[in-house]
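[1] how would this look folded up:
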Amino acid sequence: ELTSYVKSKNYKHVLWEICNEPNEDTDGDPHRPGVWGGIKKYAKKALPIIEKNDPQSVVMVGTPQWDQAVSLPVEDPITDTYNLHIMYSFHYYAGDQERYLGLLNSATAFIPLFVTEWGLSSHTGDSGCDTKSGQKLMDVCSGMNLGNQIVSWANWSWSDKGESSGTFTGGGYNNLSFSDAGNFIKNQLKKGDNFQNSDSEAYEVQEVGGVEDFYLALEKFDKGGNYKGYYDFDEDWACDIVHKSAPCSENVGDAGKDGVRSDEAVDLGYTDKNNKADSYINVGYIGMGEWVKYTLDLKYAGDYDFELYTCNHIDTNVVAFTVDGKNALVDQDGNEVYRAVKLQTSGSGVKDGGYDDWGWTKPKSPYSPSSSFRLHFDEAGKHTLGIVFFSSCSGLGSLKLLGDANRPSSAPLTYRDNAISVWPNPSENGAFNVSVSKPSKVEIFDIQKLVYSQNIESETQFNLNLAKGVYIVKITNDNESVTKKLIVK
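    Numbers count the residues shown, from 1 in each chain. Model prediction:
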């Protein structure tokens, strides 16, 4: 089979992609967990074969709904340990799929991604070139995303087939010229590295004392606008409210109409329209992939129990949380296995209505119903909290971090004694730190090979004079094996 052939030829730098576009042929929200279980089952058969014949290679695992449901590996990732670099595939066609771009934008904070196919046309391969929407994808891949990650991509298609997605026009390879799509891609490649970031600025710093319960004011999201303080994409059903076609950029909520952050696109409403003065201001009209950021100042580090103020309407309701662009969700044992969970309805749940019935709930994972979850903060001080909506959601009224009167002033990492950190990231010229709490092996790989290895016992500073690029840092100890992407500028 193919991996044996690659081994026999001693080929290097082969990129593997398995489960290309495993579909459930329906439109709408691509979050359909039933399909993902079959993909994981197949991957567990295919990955050991690739590992045996081409270890340390990069393998992209396809995701449901034409490689767009990247929320599913966030919610339930492949956790088996392989001597491989596992990534997840995302596909995009600018002409008619901008509604899915937020899923890629959000998932960068949680899993390694590769845009293994994208084009400037509609998904049919034709219908003209939407360079405006295509540029939005390029911006996201260049780092303008929740995780501040650089995402690799491969454009469709290197052909003169006659479709608007094709790179060339003309007949035969002796008489080719660049098409509109080809010129766009050529200009992207000529630009070279154009790294960006999604840093925001505090609208108001919200202080978390750690002893008393803290209530997040959702209307105080960070400044910076779309792609920085938040990501908002209103679909047709939301844009209809302001009589515009998607995407539109208005605050369509009732609080927005009253002047609450009305110059921004985050849709704000009231949890109690009849008593606005005592109401929470909620985020509503939520589409898949949207997120908001908040600046917090914590007196204590650690893992915080939390609750969410939710309504009684039944929706898909998949949410996740970041702190400083990285996953913040841990279970009761401090594990990051499930990085997304589901909002629970405030009561028994209704499909028609329930938007005015609010209460405090705790999120759950459908993959581990008995688990409870906390939000993890490595250090005291200022942090950027991100709230991610990976699917359509019925609305969020507030987030409550539960206080602990017995929280010690030293604020140890209550549930994550084996926490592993790599910082700063990006680094300058390969100068960075790795923090571990027990003896661990640190290996650093570029896209081709292992470039450095060292055993460490605690926080260690590295000065490696690495060339600019993207590296993989693998940290292994008796309990776990963690890989982290490191960008060297």
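
[2] which stretches of the stretch 301-450 of the chain have low pLDDT?
    For the stretch 301-450 of the chain, the stretches flagged by pLDDT under 70 are 407-420, 437, 447.

[3] Distance check, the residue nearest in space to the middle of the chain against Thr476.
    Centroid-nearest residue in the chain, with Cα atoms, centre = their mean: Ala107, separated by 1.7 Å. Applying Cβ to Cβ, to the nearest Å, the value for Ala107 to Thr476 is 25 Å. From N, CA and C alone the C-beta is placed, and that goes for glycine too.

[4] circling back: quick check: phi and psi on the residue nearest to the centre of the chain?
    Note on Ala107: backbone dihedrals following degrees, to the nearest 10 are phi -70, psi -20.

[5] pretty sure it contacts Ser71?
    Yes: applying Cβ atoms under 8 Å, one finds Ala107 in contact with Ser71, separated by 6.7 Å.

[6] Val61 versus the nearest residue to Ile49 once chain neighbours are set aside, what's the distance?
    Of all residues not flanking Ile49 in the chain, Thr3 sits nearest, at 5.6 Å (Cβ to Cβ, 6 or more residues apart in numbering). Distance, Thr3 to Val61, by Cβ to Cβ: 15 Å.

[7] Compare neighbour counts for these two and give me the winner.
    Val61 (26 against 17; other Cβ atoms under 10 Å).

[8] hang on, that one packs against Met87?
    Yes: Val61 is in contact with Met87 according to Cβ under 8 Å; the separation is 7.2 Å.

[9] Contacts for the top helix by length along the chain next, please.
    Longest helix in the chain by number of residues (criterion: DSSP state H): helix 33-53. Outside helix 33-53, the residues within contact range by Cβ atoms under 8 Å, 6 or more residues apart in numbering are 1, 3-4, 6-7, 16, 18-19, 22-24, 57, 59, 61-65, 69, 72-73, 75-76, 78, 80, 82-84, 86, 366.

[10] Helices - which of those residues land there?
    Those of the contacts of helix 33-53 lying in helices (DSSP H): Thr3, Ser4, Val6, Lys7, Pro64, Gln65, Leu72, Pro73, Glu75.

[11] related to what we said a few turns ago, so what's in contact with Ala107 and Ser71 at the same time?
    By Cβ under 8 Å, 6+ apart, the residues touching both Ala107 and Ser71 are Phe390.

[12] before we move on, the earlier item: and the ones in helices among the contacts of helix 33-53, which are buried?
    The neighbour count (16 or more other Cβ atoms under 10 Å) marks Thr3, Val6, Pro64, Gln65, Leu72, Pro73, Glu75 as buried among those.

[13] Those: which two are farthest apart?
    Pairwise distances across these peak at 32.3 Å for Val6 and Glu75 (criterion: Cβ to Cβ).

[14] how near is the residue lying closest to Asp76 once chain neighbours are set aside to Gln149?
    Closest residue in space to Asp76, ignoring its immediate chain neighbours: Tyr367 at 4.9 Å, by Cβ to Cβ, 6+ apart. Separation of Tyr367 from Gln149 (Cβ to Cβ): 24 Å.

[15] Compare those two and say which is more crowded by neighbours.
    Neighbour totals were compared for Tyr367 and Gln149, and Gln149 leads with 24 against 14 (other Cβ under 10 Å).

[16] residues contacting the closest residue in space to the more buried one that isn't next to it in sequence?
    Distance criterion Cβ to Cβ, 6+ apart; nearest residue to Gln149, sequence neighbours excluded, is Thr108 at 4.2 Å. Shown in contact with Thr108 (Cβ under 8 Å, 6+ apart): Val140, Asn145, Leu146, Gly147, Asn148, Gln149, Val151.

[17] repeat for His123
    Neighbour list for His123: Trp66, Tyr93, Gly95, Asp96, Gln97 [criterion: Cβ under 8 Å, 6+ apart].

[18] what about the strands in the stretch 351-489 of the chain?
    Ranges of strands in the stretch 351-489 of the chain, per DSSP state E, counting those that start in this stretch, are 358-361, 373-377, 381-389, 398-401, 421-428, 431-435, 440-445, 450-456, 460-463, 469-476, 481-488.

[19] out of these, nearest to Glu290?
    Proximity to Glu290, assessed across the strands of the stretch 351-489 of the chain by Cβ to Cβ, is greatest for strand 381-389 (4.8 Å).

[20] one step back: please determine how far the residue nearest to Gln149 is located from Gly134.
    18 Å.

[21] What of Gly229?
    Counting by Cβ to Cβ, the gap between Gly229 and Gly134 amounts to 24 Å.

[22] and what of Asn194?
    From Asn194 to Gly134 the distance is 14 Å (Cβ to Cβ).

[23] Asp222 now?
    From Asp222 across to Gly134, the span is 27 Å (Cβ to Cβ).

[24] ok, the two, which is more surrounded?
    Per other Cβ under 10 Å, whichever of Asp222 and Gly134 has more neighbours is Gly134, with 24 against 21.

[25] if I've got this straight, that one is in a strand?
    No: per DSSP: H, G, I helix; E, B strand; the rest coil, Gly134 lies outside any strand segment and is helix.

[26] Identify the residues contacting the spatially closest residue to Leu464 that is not a sequence neighbour.
    The shortest distance from Leu464 to any non-neighbouring residue, by Cβ to Cβ, 6+ apart, is to Gly430 (4.0 Å). By Cβ under 8 Å, 6+ apart, the residues touching Gly430 are Phe462, Asn463, Leu464, Asn465, Leu466, Val488.

[27] swap the cut-off to 6 Å and go again
    By Cβ atoms under 6 Å, 6 or more residues apart in numbering, the contact set of Gly430 is Leu464, Asn465, Leu466, Val488.

[28] Serialize those residues to a markdown table and add fields for distance to Gly349 and neighbour count.
    Formatted as a markdown table, those follow (distance: Cβ to Cβ, whole Å; neighbours: other Cβ atoms under 10 Å):
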| residue | distance to Gly349 | neighbour count |
| --- | --- | --- |
| Leu464 | 53 | 16 |
| Asn465 | 57 | 8 |
| Leu466 | 52 | 19 |
| Val488 | 49 | 20 |
